[in-house]
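Asker: Next input, structure requested:
(2 chains)
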Amino acid sequence: MEPSVDRIAYPWGSRTPYGRHEAWPTRVDAYLAEGVEPEKVDRWVQAASILHSDGDAMDIAVVGNRMVGVRGRATDRVNHGRLGPKDLFGWQANGSADRLTRPLIRRDGRLVECGWDTAMDRVVSRSRALLDEHGPGSLGFYTSGQLFLEEYYTLAVLARAGIGTNHLDGNTRLCTATAGEALKESFGCDGQPGCYDDFDHADVIALFGHNIAETQPVQWMRILDRLEGAAPPLLVCVDPRPTQVARRSAVHLAPRVGTNVALMNALLHEIIRTDRVDHEYIEAHTVGYEELTEQVRKCSPEWAAGICDVPAARIAEAAEILGNADQLTSTVLQGFYQSHQATAAAVQVNNLHLLRGMLGRPGAGVLQMNGQPTAENTRECGANGDLPGFRNWENAAHVADLAKVWNVEPSAIPHYAPPTHAMQMFRYAEQGSIRMLWISGTNPAVSLSELSRIRSILTQERLFVVVQDLFLTESAQLADVVLPAATWGEKTGTFTNADRTVHLSEKAVDPPGEARPDLEVFLDYATRMDFRDKDDGLLVKWDDPESAFEAWKRCSVGHPCDYTGITYDKLRGGSGVQWPCNDEAPDGTERLYRDGIAWAHPDLCESYGKDLVTGAADSVVEYRSLNPDGKAIVKAAPYLPPHEEPSPEYPFQLTTGRTIYHFHTRTKTGRAPQLNAAAPDVWVEISAGDAEARDLHEGDLVEVTTPRGALRGRLRVTGLRTGLLFVPFHYGYWDTPAGHGPDGDTPSRAANETTVTDWDPVSKQPLFKTAAAALTLVRRGDGATAPAPTTTASAPVRSGAVPATAGGPGAYASQVPGGLPSPDTQEGGIR
Amino acid sequence: MNGIKDLLRALHGDEEHLAKEFVAVADRHRTEHEVHHVAVDLAAWSREHTRRIADTAQAYDLDLDPLDEPHVGLLSTIGRKTAEAVGRHPEPALLLLRDLRDLHLAASGNSLYWEMLAQAGQATKDEALLDVATRCHPQTLRQMRWTNTMIKTLSPQALASLR
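Answerer: Below is the predicted model:
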């Protein structure tokens, strides 16, 4: 193995092949700033990745009070030492010159610097005035998937029981709401069934709308290593783009966007028709099988072929592989979650595993993935439109129990309606009933759909907007108060990845200027608002990360996400730990549902379920009669045509998505030189057939138009399915002269100028991947090329047609194969 | 059998009415995006019901028009512009609650008709009647459950925070 490799040109580094059922070998990846030798590093501070949901454990290299690099942690169960490109290079954004260092308030229309007291006084006085005049429903909190557990929990307590508002949600609504909802629908409760180790054992790995190579690159390294080892797995890929996953798959299905339910129903039809059903498992652990059988009876591959535009033979072939698997691992992500009929489609993947009895044992697991690093915590802490600890807002006993933990009356916690989801909060703000919106760690002015509408909501005079962030983002530029936040590496806390692994991330350096950890900001607000419990004691009884964590543990006792066996000390030094972790499972729990379904009983479940078409809530009475013994629910759904279909005026389908080099709206990755250079500007992908038919070529400047708006970018001709356009959603305006939105000199470049305001009625996740669009040529490329990577799903259809993406000398990271993981390999790792 | 003929005619008319009302509500509340999109989907169920009732009614020498034109896309431009213009005002939130209530009541009326039709089918051993009721009635109940859920979700804000 090369001692170092250009990790922009080769994002996944070199291979360490291993065979089925063997342990994944260690490879320690590290990157140190130019001129810094390992022996010059003063200290290594433990952390985990904050730029995706994989939870890659790493140590931050510090010299003086300066971050100088990162190194993967060989001992950790998640990554066995490896790091992805964003992990290796993203940390540099912390040191950017344009970090916010002082609070800002709007004075005479302009944002001006001020002290913390001035800024917080303004927030507190507005909060008090609104509570007096309009009640708690006039305040809303829109948070993130990138803060720490301790921060979400504190925010959930102060918003739900302090303010008493139902309006608290995370931008996790955009990335993980469907994962949580699909698990609730099938298993009665949130909680990831499988784990990453399942990749070591599976003979078939099916990826449903999940470009794992770019979203969780370290787990893709694991799959690549297995593909090169003994008894490699077969991959089945459902994705309209020619992703790296698609290129390595035994069967690649590229359906029309918006038709996932039709495809899934055909796969289930085949599984049932060929009787690859584990009837014993179905009998023992599920209800609802007959309804599914009836629903998919006519959904033959031939039927689905007409809807999905995928050959029937390929669907049958995929079903054959899924049906023959003896250890099937499936993963699901945004190709399903952000598309039409999101929850209904994701639930069918759960059904596939229930039908085949593929749950709770090594290699037999389903992973309903998360997008963001700490999305799991937003969900479990109740900062995402659910009550903390996966409690059921409709179950009076659950609410009473939560009230007891918080020492408040149950009536102090709004539970008369479902906690308000983000899209509805923006609607309330548009309508004028939410008058203060506190946005922490997210950038809706780029990340939400139909941006002209979002900008017009945020700029309303009557709406008081607080933005808490690292930089003057597009959203911060529209705020009334801007609070400078400390981030990863500048504060201590825990977070949990997509396979329930909890990591500790410690403070390595001081935040810049007066920037403060989000926890401190929330605690300060709680103090100033003087929130009280029912005995007139302080509502928020903790004052630092570790005491917040201990408070959360008390809230999690006896719930699926039980943290009681975890302490900061337990997380220091070794590997992350998977919840539930308690007296019965002191070392954590690899897989849920080993002995049947645990949390679906009517008295325990987090949700009584919803209609998969309308989103209407089922009642406790219905749930009790359907599922009295708390089994898994096999829930069927019919295919419905998408709400927006191509027309003569808008002949293309349009989908948006990400690239491996960027995260979200590039607030961090756009400030890391290697990552920024790898994908510096927006582009538009088109299929070779469509390009030829319209005489369009690589590098042509084109405009993509929908009924909502338009954007401009250079064209990349790829192998994606005919009739489809793809635009990455990362690009906004902070690095353009315009600042927060397009203007006369700065053309539109954000994908969300064009996306539709529509969401899955079940999970309330916005649909970024189902729209119709028109394409026009603005200017010939004349030799220019699209600023799109060649290493990924964006690869040009003709290799060699454009210069290969590479990072050069500044992007070399070391990689040291270290044998089997053991604590001893860590120290010698990068020498 | 005149009772059954009357029942089929009445239910056909009321399902047709409900289909149009779902589309009208979708049109009026274009800025309530979830209501808009789901109401359009639910209108399709009532349209489908009118088709099935019309098929069944032929055996009773009844010629009922199937309502087969999807009204989506025919939303009036004026209605749309009005919805967008008033989207910033609080009153539509109260109007929406009233509209959802009207939809719910209309669907409940249909639900009771479906109940009658199923009973008639059993009493006369008319498999076709029983079959159409068995197929359609659950969707009517789902329409009711949806309007109820939306009212439960939207009422607190519309009634307590719009001041």
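Asker: got the residues of chain A near chain B?
Answerer: Contact residues (C-beta under 8 Å from any C-beta of the partner chain) of chain A with chain B: A:133-135, A:137-138, A:166, A:414, A:416-418, A:420, A:423-424, A:427-428, A:430-434, A:611, A:613-618, A:640, A:643, A:757-759, A:761, A:764. For the C-beta atoms, the positions are set from N, CA and C on the backbone; glycine is no exception.
Asker: Show the buried residues in these.
Answerer: Buried by 16 or more other C-beta atoms under 10 Å in any protein chain shown: A:134-135, A:137-138, A:166, A:414, A:417-418, A:420, A:423-424, A:427-428, A:430-434, A:611, A:613-618, A:640, A:643, A:757-759, A:761, A:764, out of the residues of chain A next to chain B.
Asker: And the helices in chain B?
Answerer: Taking DSSP state H, the helices of chain B run over residues B:2-28, B:33-57, B:77-86, B:91-123, B:127-156.
Asker: Please name the residues that touch the residue nearest to A:Gly670 when sequence neighbours are not counted.
Answerer: Of all residues beyond its chain neighbours, the one nearest A:Gly670 is A:Asn676 (5.2 Å), with distances taken as C-beta to C-beta, 6 or more residues apart in numbering or on different chains. Counting by C-beta atoms under 8 Å, 6 or more residues apart in numbering or on different chains, A:Asn676 makes contact with A:Arg666, A:Thr669, A:Gly670.
Asker: Generate a PyMOL selection restricted to the buried subset of those.
Answerer: Written as a PyMOL command, the selection of buried residues from the contacts of A:Asn676, which uses 16+ other C-beta under 10 Å, is:
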select buried, chain A and resi 666+669+670
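Asker: any idea which of the contacts of A:Asn676 is the one closest to chain B?
Answerer: Chain B lies nearest to A:Arg666 out of those, by C-beta to the nearest C-beta, at 27.1 Å.
Asker: Work out for me the element the nearest residue to A:Leu51 once chain neighbours are set aside sits within.
Answerer: Counting by C-beta to C-beta, 6+ apart, A:Lys86 is the residue found nearest to A:Leu51 once chain neighbours are left out, at 4.1 Å. For A:Lys86, the host element (DSSP states H and E) is helix A:85-89.
Asker: Report the mean confidence score over that helix.
Answerer: The average pLDDT for helix A:85-89 rounds to 98.
Asker: Name the residues of the next helix or strand after that helix that are buried.
Answerer: Going down the chain from helix A:85-89, the next helix or strand is strand A:104-107, by DSSP H and E. Applying a neighbour-count criterion of 16+ other C-beta under 10 Å, the buried positions in strand A:104-107 are A:Leu104, A:Ile105, A:Arg106.
Asker: what's around A:Lys404, how many residues?
Answerer: 10 (other C-beta atoms under 10 Å in any protein chain shown).
Asker: Are we agreed that it is in a helix?
Answerer: Yes: applying DSSP: H, G, I helix; E, B strand; the rest coil, one finds A:Lys404 inside a helix.
Asker: What parts of chain B come near chain A?
Answerer: In this structure, chain B approaches chain A at residues B:31-34, B:37-38, B:40-42, B:87-90, B:92-93, B:142-143, B:145-146, B:148-149, B:152-153, B:155-158, B:160-163, judged by C-beta under 8 Å from any C-beta.
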